[in-house]
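Chemist: sequence first, then the predicted structure:
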Amino acid sequence: MSALDPKTVSELKYTRNIGVMAHIDAGKTTTSERILYYTGKSHKLGEVHDGDATMDWMEQEQERGITITAAATTVSWKDHRINIIDTPGHVDFTIEVERSLRVLDGAIAVFDGVNGVEPQSETVWKQADKYKVPRICFINKMDRVGADFVMSVDSIKTKLLANPIPIQVPIGLEDSFVGVVDLIENCAYTWAGADRGEAFEKGEIPQNLKESVEAYRTEIVEKIVEFDEALMDKYLNGESVSVAELKAALRKGTLELKGFPVLCGAAFKNKGVQPLIDAVVDYLPSPLDVKSVSGMNPENTDKTVVCKTDFEEPVCGLAFKIATDPFAGSLTYVRVYSGILKVGDSVLNPRTEKRERVQKIVKMHANSRTEVNEIKAGDIGAVIGLKFTATGDTLCDQKRPVVLESITFPEPVISVAVEAKSSADQDKMMAGLEKLVKEDPSARLRNDPETGQTLLSGMGELHLEILVDRLLREHKIQANVGKPQVSYRETISSRGNATHTYERQIAGEDLYAFVEIEVEPQARGAGLAFVNSVQRSAPIPFNILKAIEAGFKESAEVGPIASYGLIDFKATLKRVEFRDEKNASEIAYKAATSLALRDAVRAAKPVLLEPVFKLEVTCPDNFVGNVVGDLNSRRGKVHSMSVKPGGGQVISADAPLATLFGYATDLRSLTQGRASFSMEFKEYSEIPPKVRDELLQRMGRF
């Protein structure tokens, strides 16, 4: 840190970039609204159920009472600047969590105090693990009937395999929940409950809790001192450990992902939120605490480029979200990792190899904007008017080109056919759809080669419903929408090899290309990989290699069985031959690669895959037989059944998406409306032969 510009250090030490993440309905947006209120950012308490939550600004969010898009804002608390992103909890919008965690330094994981860790909690936790994001946990809804703090902490330990460190315990539960005991400062915080929660008292621990609090405190102090060897020696020698030392050691353990501080409260009842904001400042990292990001040189992929968190460095940032504003046009959200991005700058986008001019920079508060002149390293803002930038692109100084790790997008699993009601609206509809897909990379747009229909694909029925609703409302387009259809995929089950010689004469020019491609299967979820293993005295010209890669990507979009996209295989370029290397045609090598890959895939025993979803069904004991029987009839596999605290059973199962359309209605019928379920995408798996044959017959492919 000493080598950094002192101005960078003094400014960034007091900055926090955090996200709020959780399972749907755990209270993320309510918690975010309370943080806005207590930090003075908003002057009224927005409520999700009333449709007036600041962070849920889209009409669709207000109508449904759910978060659909990640909303960003900046607040101030005790001389610290906190950039907050409130993320969705519904599994259909998991891309919003993915791209937010990619650029954030820390996160608040909110859990429902009645249910503890829920299915989507596990998904977002894994996403945070993937990007090594330090977290603090907030067990919410401690005022609800059935709230259980100990069970919730245990579920973090058992289901997430994490090391939760409760630094608070509740005072009372359910109706009698009035506050929390701070185990580090050894004091109690209580809220009177008559006002909006601004006023709270710091005082003595209630007499009836002193004994249990002492036992809790001893346990957590022993856990915390393990994070600091010097402090551990001091503690083992019987010396007293100060509050400041405990906080410093817990901060160290949190930043190293060795432990996760756990707090509790009831955001809706305005209790426990201020200590949560204190914990963000105390335990979550500043941009200086996070390792400097590294990228690769686009012209020499073996060369690593380190982008230091310093204002004096050349500028480098990651575009993590695109949004369309009816007044401002295209907004590109950018996290700046090094240098300063200023209005008037010209930056390079290495993916497109184009320069972008920074016309306007704004700081966002949900959907309102404040113009600024610059965004510095460690900060988040939005740039207006970028033309060639997509989600996951790097923006950098032209003198120091660098490509940062992009964002991985999930494969869409369901699609609908969309058709303009009049031919006059066709172009307008396509423009609207392309804007939506640019904003949301988990949505895809393609033309069905068999029927000529325009297919819009997404992560689930709700996702598609929202996309179509936005097309009708925001882009004012009337369209006919078909029934949702499953998006199948294709892959290979063995190795395959093929060569292709491309010889054509186009416009009097002789085109020649020869390539040899070998393909092999990869593990489920591994995606597509392209490897160049050609042994030559001189490297393949850069433009030809790019053309070969483009041919690979294009060919992988259409599989040989039923024209579905190919996934989970590796293609290796084994041989390339030239007739005239200097005048080699990019078009010829792109076409040769595409045709060679098609033949190699056909030789590698292609198979058809279907999306399988993970289900968690909660139902009363007397309906378990009905639910399990129904799941079996849907080709489902039941993995486990466990007793739910307070009665009932939790059934964990997998089932193909093709059998789950209308499951909510069927489940209500089977259980007299007393069961609930959540489902999320698990993986693509091979379709059983009988089902595959029936499917291909219906498609006329048999």
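Modeler: Nice, I can see it. Numbering: from 1, shown residues only.
Chemist: tell me which helix or strand the spatially most central residue of the chain sits in.
Modeler: Centroid check for the chain by C-alpha atoms, centre = their mean gives E98 as the closest residue, at 1.4 Å. Assessed by DSSP states H and E, E98 sits inside helix 94-103.
Chemist: my guess is I18 is in a helix, correct?
Modeler: No. Counting by DSSP: H, G, I helix; E, B strand; the rest coil, I18 is not part of a helix but strand.
Chemist: need the contact list for the closest residue in space to it that isn't next to it in sequence.
Modeler: Using C-beta to C-beta, 6 or more residues apart in numbering and skipping residues adjacent in sequence, the residue nearest I18 is G106, 4.8 Å away. Glycine gets a C-beta too; all of them are placed from N, C-alpha and C. Neighbour list for G106: R16, N17, I18, G19, V133, P134, R135, I136, V280, L284, P285 [criterion: C-beta atoms under 8 Å, 6 or more residues apart in numbering].
Chemist: next SSE downstream of the lowest-mean-pLDDT helix or strand in the chain?
Modeler: Here the helix or strand of the chain ranked lowest by mean pLDDT, DSSP states H and E is helix 59-64, holding a mean of 52. Beyond helix 59-64 on the C-terminal side, the first helix or strand identified by DSSP H and E is strand 71-77.
Chemist: just checking: what are the partner strands of that next one?
Modeler: strand 80-86 (antiparallel) (DSSP bridges).
Chemist: other SSEs contacting whichever strand or helix holds A279?
Modeler: Per DSSP H and E, A279 falls inside helix 273-283. In terms of contacts (3 or more C-beta pairs under 8 Å, 6 or more residues apart in numbering; DSSP states H and E), helix 273-283 is packed against strand 15-22, helix 28-38, strand 71-77, strand 80-86, strand 106-112, strand 135-140, helix 243-255, strand 260-264.
Chemist: that older thread, and the contacts of the helix holding E98?
Modeler: 17, 19, 21, 68-70, 85, 87-88, 107, 123-124, 127-128, 130-131, 133, 318, 320-321, 335, 380, 391-392, 407-410, 440-442, 459, 680.
Chemist: in helices, which of those residues fall?
Modeler: T123, V124, Q127, A128, K130 (DSSP state H).
Chemist: pLDDT score for G89?
Modeler: We have a pLDDT of 59 for G89.
Chemist: do the one 10 residues further on as well
Modeler: Residue-level confidence at R99 comes out at 80, pLDDT.
Chemist: gap between it and A655?
Modeler: 28 Å (C-beta to C-beta, to the nearest Å).
Chemist: before we move on, what about G179?
Modeler: On the measure of C-beta to C-beta, G179 and A655 end up 44 Å apart.
Chemist: list the helices and strands the top helix by length along the chain packs on?
Modeler: Secondary structure of the chain per DSSP H: the longest helix is helix 586-603. With contacts defined as 3+ C-beta pairs under 8 Å, 6+ apart, helix 586-603 has these neighbours: strand 496-506, strand 509-521, helix 542-555, strand 569-577.
Chemist: to I687, which of the ones you listed lies closest?
Modeler: Among the helices and strands packed on helix 586-603, strand 509-521 comes nearest to I687, with 16.0 Å by C-beta to C-beta.
Chemist: excluding its backbone neighbours, what's nearest L670?
Modeler: Nearest to L670 is N626, by C-beta to C-beta, 6+ apart, at 4.6 Å.
Chemist: got a winner among the ones in helices among the contacts of helix 94-103 for most neighbours?
Modeler: V124 (27 neighbours; other C-beta atoms under 10 Å).
Chemist: all helices for the stretch 151-300 of the chain, in order.
Modeler: Listed in chain order, the helices of the stretch 151-300 of the chain (DSSP state H, counting those that start in this stretch) span 210-225, 229-236, 243-255, 273-283.
Chemist: got the contact list for the longest one?
Modeler: Looking back up the chat, that one is helix 210-225. 163, 165-167, 169, 181, 183-184, 186, 205, 231-232, 234-235, 241, 246, 249-250, 253, 259.
Chemist: please redo it, this time with the cut-off set to 6 Å
Modeler: The contact list for helix 210-225 (C-beta atoms under 6 Å, 6 or more residues apart in numbering) reads I165, V169, V181, L183, I205, L231, M232, Y235, L246, A249, L250.
Chemist: pLDDT of that helix, averaged?
Modeler: Helix 210-225 comes out at a mean pLDDT of 91.
Chemist: check the offset of that helix from the chain's centre.
Modeler: 35 Å (C-alpha atoms, centre = their mean, to the nearest Å).
Chemist: same check, this time on the second one
Modeler: Relative to the centre of its chain, helix 229-236 is centred 39 Å away, using C-alpha atoms, centre = their mean.
Chemist: isn't T352 right next to F388, touching?
Modeler: Yes. Assessed by C-beta atoms under 6 Å, T352 is found in contact with F388 at 4.6 Å.
Chemist: and the contacts of helix 94-103, which of them are buried?
Modeler: 17, 19, 21, 68-70, 85, 87-88, 107, 123-124, 127-128, 131, 133, 318, 320-321, 335, 380, 391-392, 407, 409, 440-442, 459, 680 (16 or more other C-beta atoms under 10 Å).
Chemist: return the set of buried residues in stretch 694-702.
Modeler: Here stretch 694-702 shows L695 as buried, counting by 16+ other C-beta under 10 Å.
Chemist: how about residues contacting that stretch?
Modeler: A562.
Chemist: shaky segments in the stretch 51-200 of the chain?
Modeler: The model of the stretch 51-200 of the chain has pLDDT under 70 over residues 51-71, 89-92, 193-197.
Chemist: go with 80
Modeler: Applying pLDDT under 80 to the stretch 51-200 of the chain flags the ranges 51-72, 86-96, 119-120, 192-199.
Chemist: who's in contact with G432?
Modeler: Taking C-beta under 6 Å, 6+ apart, one finds L471, H475, I477 in contact with G432.
Chemist: what distance do you get for the residue lying closest to it once chain neighbours are set aside to L467?
Modeler: When the adjacent residues along the chain are set aside, G432 lies closest to H475, with 3.4 Å between them (C-beta to C-beta, 6+ apart). Here the criterion is C-beta to C-beta. By it, H475 lies 11 Å from L467.
Chemist: for K644, same thing?
Modeler: 35 Å.
Chemist: out of the two, which sits in the busier spot?
Modeler: More crowded of K644 and L467, by other C-beta under 10 Å: L467, with 22 against 14.
Chemist: tell me which element the more buried one falls in.
Modeler: helix 461-474.
Chemist: now that helix and helix 94-103, what's the angle there?
Modeler: 90 degrees (axes from the mean of the first three to the mean of the last three C-alpha atoms, to 10 degrees).
Chemist: pull out the buried residues from helix 461-474.
Modeler: Those would be E461, L462, H463, L464, E465, I466, L467, V468, R470, L471, E474, for helix 461-474 by 16+ other C-beta under 10 Å.
Chemist: hmm, back to that, out of the helices and strands packed on helix 586-603, which gets nearest to G344?
Modeler: Using C-beta to C-beta, the helices and strands packed on helix 586-603 put helix 542-555 closest to G344, at 31.0 Å.
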